[in-house]
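Novice: can you look at this prediction? I've put the sequence above it.
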Amino acid sequence: MAVVNFQVEYGATYATLSTVATNVQNVQLSFGRQQPLSQYNADLANITMRYPNGYASPNALWVTGTWIRISARLDPTAAFEQLWVGRIADVEVQYGIPYASSVGNADYVTLSCEGYFANFGRLEGAGYAMPAGTITYQCAQALAQTGLDVSPLYTATTPFPATTINGTWGDWINRVVLTLNGKLLDTGTGIAITNAYYKYTSTVAFSDTTNDFENHCYEQLAFSSLADNWYTQVTVDPESYGSATVQTGSAPYRTYLVNTLNNSTSQATDYANYLLSTYKTQSLRIFAITCNLNAQIGNAPFFGQTSPGGQVRVIFRGTTYQCVVEGGSYSATPGSATATFYLSAQDLNNYLTLNDAVYGKLNENKLGY
């Protein structure tokens, strides 16, 4: 059985993020979100290390603000693949007994870390009047006001109305993402906002029967009829324009209400019709897949912070499902490593994309809005 190696690096700045931590005992990290309509929170990581010399010679960088990178590899001759980058938010030291000759063999330090998006979540908008303009223009205004990097990806010219940032800047970013029905990617040193059409294709599938360089093996697959993925009425309420409500069937309705930054009532209506078309059918869909990383023969599925939006095939009992990565989590000790990836089904990402083998089929894929 292969052994996955995790590596933790740290540095006072991103440019000096290269010192490798020793005595790592446990690594846990999460990124993205679990469901396609959920709001985003900061990516998180916890790292526990033995700290035998920490009392006599404390590490001066184990403080809030230090940069952390977590990487992994399956092949000991290959380069480490980056999974997560963020900064220390909190440090906890547990001192054990005994302590002899300035060494505490039962001493441990735990680093609680958070991704770049946490910066936006802590920064109040203070009533800033965001001018109308393209998403590129508004992201530039956000950078000028906050000093924090946020940029559009594949959606540079989408128009947005003027708005007032009364909550946090993180609230504004989540509303932009919901308006675009897109994804939020934490690049480690900034935030990228995508639109609904952003998808890249993984060359390796998940399989329940094959374990090689073209197929990741998995040990558990979860289907769910998630209540938050089924609605019979949708109301889109843009801040600067009138709301739009569409429904199917008869009352009582299962209603999804979303506050957006659509640029017109007409655009809000198109978005509401799209959401209703997508979420009006109640059905079981793939929700999560769990892999024993040490069981992989070929490439381990190292999806990380920039993987949301990735299109991946899941082969289950003879049927192939097309899914999109929404987020994931890792848990690793020196002897074991597992990963859970949260997926959304093809029909929840079913936009008509020209020249795409999966999403480019007339009368099967939905038009945009």
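Specialist: Here it is on my side, so go on.
Novice: how far does the lengthiest helix in the chain sit from its chain's centre?
Specialist: The residue-count maximum for a helix in the chain (DSSP state H) belongs to helix 265-279. Put simply, helix 265-279 sits 24 Å off its chain's centre (CA atoms, centre = their mean, to the nearest Å).
Novice: what's the answer for stretch 128-142, then?
Specialist: 24 Å.
Novice: what of stretch 244-260?
Specialist: Worked out by CA atoms, centre = their mean, stretch 244-260 lies 27 Å from the chain centre.
Novice: in it, what counts as buried?
Specialist: A244, T245, V246, Q247, Y256, V258, N259, T260 (16 or more other CB atoms under 10 Å). Every C-beta, even on glycine, is put in place using the N, C-alpha and C of the backbone.
Novice: wait, the third one sits on D270?
Specialist: Going back to what we said before, that points to V246. No: taking contacts as CB atoms under 8 Å, V246 lies outside contact range of D270: 10.0 Å.
Novice: just checking, what packs against the helix or strand following the longest helix of the chain?
Specialist: Under the assignment DSSP states H and E, the closest C-terminal helix or strand after helix 265-279 is strand 285-292. Secondary-structure packing of strand 285-292 (3 or more CB pairs under 8 Å, 6 or more residues apart in numbering; DSSP states H and E): strand 215-217, strand 220-224, strand 310-316, strand 336-345.
Novice: switch the cut-off to 6 Å
Specialist: If you count contacts as 3 or more CB pairs under 6 Å, 6 or more residues apart in numbering; DSSP states H and E, strand 285-292 packs onto strand 220-224, strand 336-345.
Novice: helices of the stretch 101-250 of the chain, residue ranges please.
Specialist: 117-121, 135-146, 169-180 (DSSP state H, counting those that start in this stretch).
Novice: and D208, how many neighbours does it have?
Specialist: D208: 16 surrounding residues under other CB atoms under 10 Å.
Novice: can you list the weak-confidence ranges in the stretch 101-250 of the chain?
Specialist: 225-228 (pLDDT under 70).
Novice: so where's the stretch 251-369 of the chain shaky on pLDDT?
Specialist: 349-369.
Novice: so Y274 versus N262, what's the distance?
Specialist: Distance, Y274 to N262, by CB to CB, to the nearest Å: 12 Å.
Novice: name the residue in the two with the higher neighbour count.
Specialist: Under the criterion of other CB under 10 Å, the comparison of Y274 against N262 puts N262 first, with 29 against 21.
Novice: I figured the more buried one hits D270, correct?
Specialist: No: judged on CB atoms under 6 Å, N262 makes no contact with D270 at a distance of 8.6 Å.
Novice: contact partners of the longest helix of the chain?
Specialist: With contact meaning CB atoms under 6 Å, 6 or more residues apart in numbering, helix 265-279 is reached by 229-231, 234, 236, 238, 241-242, 244, 246, 262, 366, 369.
Novice: for ChimeraX, what selects the buried ones among these?
Specialist: Of the contacts of helix 265-279, the buried ones can be selected in ChimeraX as follows, counting by 16+ other CB under 10 Å:
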select :229,231,234,236,238,241,244,246,262,369
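Novice: in strands, which of the contacts of helix 265-279 appear?
Specialist: Applying DSSP state E to the contacts of helix 265-279, the entries found in strands are V234, V236, P238, A244, V246.
Novice: give me the beta-bridge partners of the nearest residue to T157 once chain neighbours are set aside?
Specialist: Using CB to CB, 6 or more residues apart in numbering and skipping residues adjacent in sequence, the residue nearest T157 is T134, 5.2 Å away. On the basis of DSSP bridges, T134 is bridged to P159.
Novice: quick revisit: turn the helices and strands packed on strand 285-292 into a markdown table, columns for mean neighbour count and distance to L123.
Specialist: Formatted as a markdown table, the helices and strands packed on strand 285-292 follow (neighbours: other CB atoms under 10 Å; distance: least, CB to CB, whole Å):
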| stretch | mean neighbour count | distance to L123 |
| --- | --- | --- |
| strand 220-224 | 14 | 34 |
| strand 336-345 | 22 | 27 |
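Novice: which one, of the ones you listed, ends up nearest to W172?
Specialist: Nearest to W172 among these is strand 336-345 (23.8 Å), distances taken as CB to CB.
Novice: tell me what the closest one is packed against?
Specialist: Using 3+ CB pairs under 6 Å, 6+ apart: strand 336-345 touches strand 285-292, strand 319-333.
Novice: mean neighbour count for those - can I get that in a markdown table?
Specialist: Listed next are the helices and strands packed on strand 336-345 as a markdown table, based on neighbours: other CB atoms under 10 Å:
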| stretch | mean neighbour count |
| --- | --- |
| strand 285-292 | 20 |
| strand 319-333 | 20 |
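Novice: these: which one's closest to S151?
Specialist: Taking the helices and strands packed on strand 336-345 one by one with CB to CB, strand 319-333 is closest: 20.2 Å.
Novice: give me the contacts around the closest one.
Specialist: With CB under 6 Å, 6+ apart as the test, strand 319-333 has contacts from 6, 26-34, 286, 303, 307-308, 310-314, 338-344, 346, 349, 358.
Novice: count of neighbours near the closest residue to N5 other than its chain neighbours?
Specialist: Spatial nearest neighbour of N5, excluding adjacent residues (CB to CB, 6+ apart): R73 at 5.5 Å. By other CB under 10 Å, 16 other residues sit near R73.
Novice: do you know how far R73 is from V176?
Specialist: Distance, R73 to V176, using CB to CB: 35 Å.
Novice: do P238 as well
Specialist: Note on P238: its distance to V176, by CB to CB, is 12 Å.
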